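**Student:** Just the structure for this:
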Amino acid sequence: MRFLTSRTLFVSAILAAIVALAYSFDVVRVGSGSMRPSIRDGDYVVVLSPRGIIERLIPLGRFVQRSSVVVFTVEGRSGAPGLYVKRVAAKAADRVRIAEGSLILNGSQVSDPYAYYETPAARRLDVWPSGEAEKRDISVPFGSIFVLGDNRRGSTDSRTFGPVAQSRVVGVAVLVLRVPHCGFHL
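**Tutor:** As a prediction, this is how the structure comes out:
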């Protein structure tokens, strides 16, 4: 019986070491209110990032699903350079648009429980794309995702800088660490 317990412990330790070597967990501080109320300005997000051979065997794109919160980089586009934290609204080959605050995906209105608007009027005014293209869906290119901030009227996201290449995704958020907002900073 003792041999079995030691063996189980040894196997568990080996599996834990493999996971620790295969993935990294990073902590990212959120610096805007674009994901409010789900994630607030000043909160920290724990991000899972596969690395090494695991990244080649199981690409990060396999972890990225609709409604996943991802951390990614944007450079050379109309957004400010740096890390962004947003929610995945659509994946490659999806067609997307927003009509009166409703997310339209592949021609059908989909449940969008994370979308936040200050008022019902603000929701009705949210239309994307606007102008002549208002009734036209936008296709997400292969190898890309379409991301939106939960605080739709206060977010710079794919409506501004376009779809995000999956190669720019740093990781998937697995935990939000809420920091009490006490009126002072350390």
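**Student:** Can you name the residues bridging to the closest residue to residue 91 other than its chain neighbours?
**Tutor:** For residue 91, ignoring the flanking residues on the chain, the nearest one in space by Cβ to Cβ, 6 or more residues apart in numbering is residue 145 at 5.6 Å. Where C-beta positions appear, they are placed from N, C-alpha and C, glycine not excepted. Listed beta-bridge partners, residue 145: residue 91, residue 164 (assigned using DSSP bridges).
**Student:** surely residue 145 meets residue 65?
**Tutor:** No - using Cβ atoms under 8 Å, residue 145 is not in contact with residue 65, being 9.9 Å away.
**Student:** So the closest residue to residue 110 other than its chain neighbours, which state does it fall into?
**Tutor:** Nearest in space to residue 110, with sequence neighbours left out and distances taken as Cβ to Cβ, 6+ apart, is residue 103 at 5.4 Å. Following DSSP: H, G, I helix; E, B strand; the rest coil, we place residue 103 in the strand state.
**Student:** Enumerate the beta-bridge partners assigned to residue 25.
**Tutor:** Beta-bridge pairing of residue 25 under DSSP bridges involves residue 48.
**Student:** got a list of what it touches?
**Tutor:** 46-49, 174 (Cβ atoms under 8 Å, 6 or more residues apart in numbering).
**Student:** do residue 93 as well
**Tutor:** 139-140, 142.
**Student:** Tell me, what's the model's pLDDT at it?
**Tutor:** Listed pLDDT for residue 93 reads 95.
**Student:** do the same with residue 148
**Tutor:** 97.
**Student:** what's the answer for residue 179, then?
**Tutor:** For residue 179, the model assigns a pLDDT of 74.
**Student:** again, but for residue 145
**Tutor:** pLDDT, residue 145: 95.
**Student:** again with the one 10 residues further on
**Tutor:** At residue 155, the predicted lDDT confidence score is 93.
**Student:** Fine by me, we can end here.
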